[in-house]
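K.L.:
From the sequence below, what's the structure:
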Amino acid sequence: MAAIDQGTTSTRAMIFDHKGRVVSVEQLEHEQIFPRAGWVEHDAAEIWRNTRRVGAAALASAELTAKDIVACGLTNQRETTVIWDRSTGKPVHNAIVWQDTRTDDLCTELAGDIGMDRYRDRTGLPLSTYFAGPKARWLLDSVDGLRERAEKGEVCFGTMDSWMAWNMTGGVDGGQHVTDVTNASRTMLMDLRTQQWDGEICAEMGIPMAMLPEIRSSSGDFGALRGNGPLPGVPLAGILGDQQAATFGQACLEPGEAKNTYGTGNFLLLNTGTEPVFSEHGLLTTVCYRIGEQPARYALEGSIAVTGSLIQWLRDNLGLISQASDVERLAAGVDDNGGAYFVPAFSGLFAPRWRSDARGVIVGLTRFVDKGHIARAALEASAFQTREVIEAMQADSGVELSTLKVDGGMVVNELLMQFQADILDVPVVRPVVNETTALGAAYAAGLAVGFWEGEDDIRANWAEDKRWEPGMDADERDRLYTGWNRAVEHSFGLT
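P.N.:
Numbering: from 1, shown residues only. Below is the predicted model:
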């Protein structure tokens, strides 16, 4: 079973066996483009080239051919928005990444007198620069002649799953213009209950419906992979946004089960079952997954914009470390944060605060603080932000967290995982396969073609790798968290 995981910083291809074990993995980073402060873009054409390369390499490294692969799943960075020409297959502009804040004024304009929750009762989302709808509107307003072409149906809009699926299934030669319910739920254009595009919202946001993809279930027949794609002839049978895919891969299949993914950002999802639950504490309501013709499952989500990308920033912008894995050794060289707190509000603050006016700050600096303390404060920021989201989630759901399932690239960092357990005062559990995003997409595809019979197979495959138990004194926990909250207040109003 194969999966393509198109992430914010890289694209990987993974091959799994029936027990969910990794057979092969290949990965390539792509360029992060920053045209001006607050703007973040990707070259969608580069990402498609990388997809073909990692797909071929994953087969070669395992000495397999496409004929050995039963089906392929696809998972992707959500909200990142691309519009491309149907006839040439070329993007009309760089993709606008989910972290990008250029639509701040547009979101304020759309909110009007009603406020930022104008569409929350239908979409589960506040008006925010995070989501794809306002990004599409910006492109339509900013690229010459694009709106007229969109109204004629000459261009395609999509989040990255749509771009990938279209290319993988043939591109200009019959490519499927599709998305799944999880990705569609991140555009702010889909009604959560009907799981169809909301014509009224599209009209008010200025989005021609002729450019929108068809919304499908997360698990089903999306067509065979064709053309110059990585796995010719293999059926594309599953599509899930990355955080929903990780939830599925972590076997969080019952209401009340939750996971936290530590990637470019952090994303905590709580399965709430077949009815959407609307938050009163700054969380998002989203589609968790939909398998075939079964009813959709929903989730509450806490989205944190900057966690792993802060470590990349230490590497690339400051030169504090030479590779991301060095941050643990550097942070372990000191006993604590030395009184320093790092609030990485590079794209404002997402859940539960939703402050687009926030910007990154380091507070508590003294002559005593060195690069080890800065590294430790950067790691601790991920754990503090996760606690904020979990407190909001518990307030909304009434469910007390007993353990936290974790996954993603940062969970190999033992120092961070121990601090996370300490600051939450609950055990943190890492699975054997921590890249559960790709695994979840593979499961969705495998269920569609009968490679796995049902959800019991997914539960049976899940296995614990390591557990961190909390060991911090309660007074110290409270002192640190109080310091964090004071630091966050210093990040407000800096735009």
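
K.L.:
The nearest residue to Asn94 once chain neighbours are set aside: neighbouring residues, count only.
P.N.:
Once flanking residues are discounted, Asn94 sits nearest to Glu41: 3.8 Å by CB to CB, 6 or more residues apart in numbering. Every C-beta, even on glycine, is put in place using the N, C-alpha and C of the backbone. Glu41 has 19 neighbouring residues, counting by other CB atoms under 10 Å.

K.L.:
From Leu59, how far off is Glu41?
P.N.:
30 Å (CB to CB, to the nearest Å).

K.L.:
which stretches of the chain aren't confidently modelled?
P.N.:
227 (pLDDT under 70).

K.L.:
next one: stretch 342-360 to chain centre, how far?
P.N.:
17 Å (CA atoms, centre = their mean, to the nearest Å).

K.L.:
Spit out the contact partners of Tyr341.
P.N.:
Ile362, Val363, Gly364, Ala377, Glu380, Ala381, Phe384, Gly483, Trp484, Arg486, Ala487 (CB atoms under 8 Å, 6 or more residues apart in numbering).

K.L.:
My error: substitute Lys152 in the last question.
P.N.:
Contacts of Lys152 by CB under 8 Å, 6+ apart are Ala210.

K.L.:
List just the nearest of the contacts of Tyr341 to Tyr262.
P.N.:
Ala381 (11.7 Å; CB to CB).

K.L.:
quick revisit: mark which of the contacts of Tyr341 are buried, thanks.
P.N.:
Burial by neighbour count, 16 or more other CB atoms under 10 Å: within those this picks out Ile362, Val363, Gly364, Ala377, Glu380, Ala381, Phe384, Gly483, Trp484, Ala487.

K.L.:
Give me the phi and psi for Trp197.
P.N.:
The phi/psi pair for Trp197 (degrees, to the nearest 10) reads phi -60, psi 140.

K.L.:
Leu64: how many residues sit nearby?
P.N.:
Leu64 - counted by other CB under 10 Å - has 15 other residues nearby.

K.L.:
circling back to that earlier point, what is the nearest of the buried ones among the contacts of Tyr341 to Gly308?
P.N.:
Using CB to CB, those come closest to Gly308 at Ala381, 11.0 Å.

K.L.:
Helix or strand next in line after the helix or strand hosting the closest one, which one?
P.N.:
Per DSSP states H and E: Ala381 is located in helix 371-397. Sequence order places strand 404-407 as the next helix or strand after helix 371-397, per DSSP H and E.

K.L.:
Any idea how far that next one is from the middle of the chain?
P.N.:
Distance, centroid of strand 404-407 to centroid of chain: 15 Å (CA atoms, centre = their mean).

K.L.:
what does stretch 453-465 give?
P.N.:
With CA atoms, centre = their mean, you get 22 Å for stretch 453-465.

K.L.:
How about the secondary structure of the residue of the chain most remote from its centre?
P.N.:
What lies farthest from the middle of the chain is Arg367; by CA atoms, centre = their mean that is 37.6 Å. Classification of Arg367 using DSSP: H, G, I helix; E, B strand; the rest coil returns coil.

K.L.:
still on that earlier bit, tell me which of the buried ones among the contacts of Tyr341 is nearest to Gly263?
P.N.:
The closest of the buried ones among the contacts of Tyr341, once distances to Gly263 are taken by CB to CB, is Ala381, at 14.5 Å.

K.L.:
just checking, the closest one touches Ala340?
P.N.:
No: here Ala381 lies out of contact with Ala340, judged by CB atoms under 8 Å, at a distance of 10.5 Å.

K.L.:
now Thr285, nearest residue through space, not along the chain?
P.N.:
Using CB to CB, 6+ apart, the nearest residue to Thr285 is Gly124, at 2.9 Å.

K.L.:
Bridge partners for Val82, pull those for me.
P.N.:
Gly158 (DSSP bridges).

K.L.:
rewinding a little: the residue nearest to Asn94 reaches His30, doesn't it?
P.N.:
No: under the criterion of CB under 8 Å, Glu41 is not in contact with His30, lying 10.9 Å apart.

K.L.:
in terms of contact, does Trp48 touch Met160 like I think?
P.N.:
No: in this structure, Trp48 is not within contact of Met160 by CB under 8 Å, at 9.9 Å.

K.L.:
more neighbours, these two?
P.N.:
Ranked by neighbour count (other CB under 10 Å), Trp48 and Met160 place Met160 first, with 32 against 23.

K.L.:
Now do the same contact list for the more buried one.
P.N.:
Counted by CB under 8 Å, 6+ apart, Met160 has contacts Gln6, Ala44, Ile47, Asn76, Gln77, Arg78, Thr80, Val82, Ala95.

K.L.:
at 10 Å instead, please
P.N.:
By CB atoms under 10 Å, 6 or more residues apart in numbering, the contact set of Met160 is 6-8, 11, 42, 44, 47-48, 74-82, 95, 97-98, 132, 179, 183, 241-242.

K.L.:
now these: which count as buried?
P.N.:
By 16+ other CB under 10 Å, those give 6-8, 11, 42, 44, 47-48, 74-82, 95, 97-98, 132, 179, 183, 241-242 as buried.
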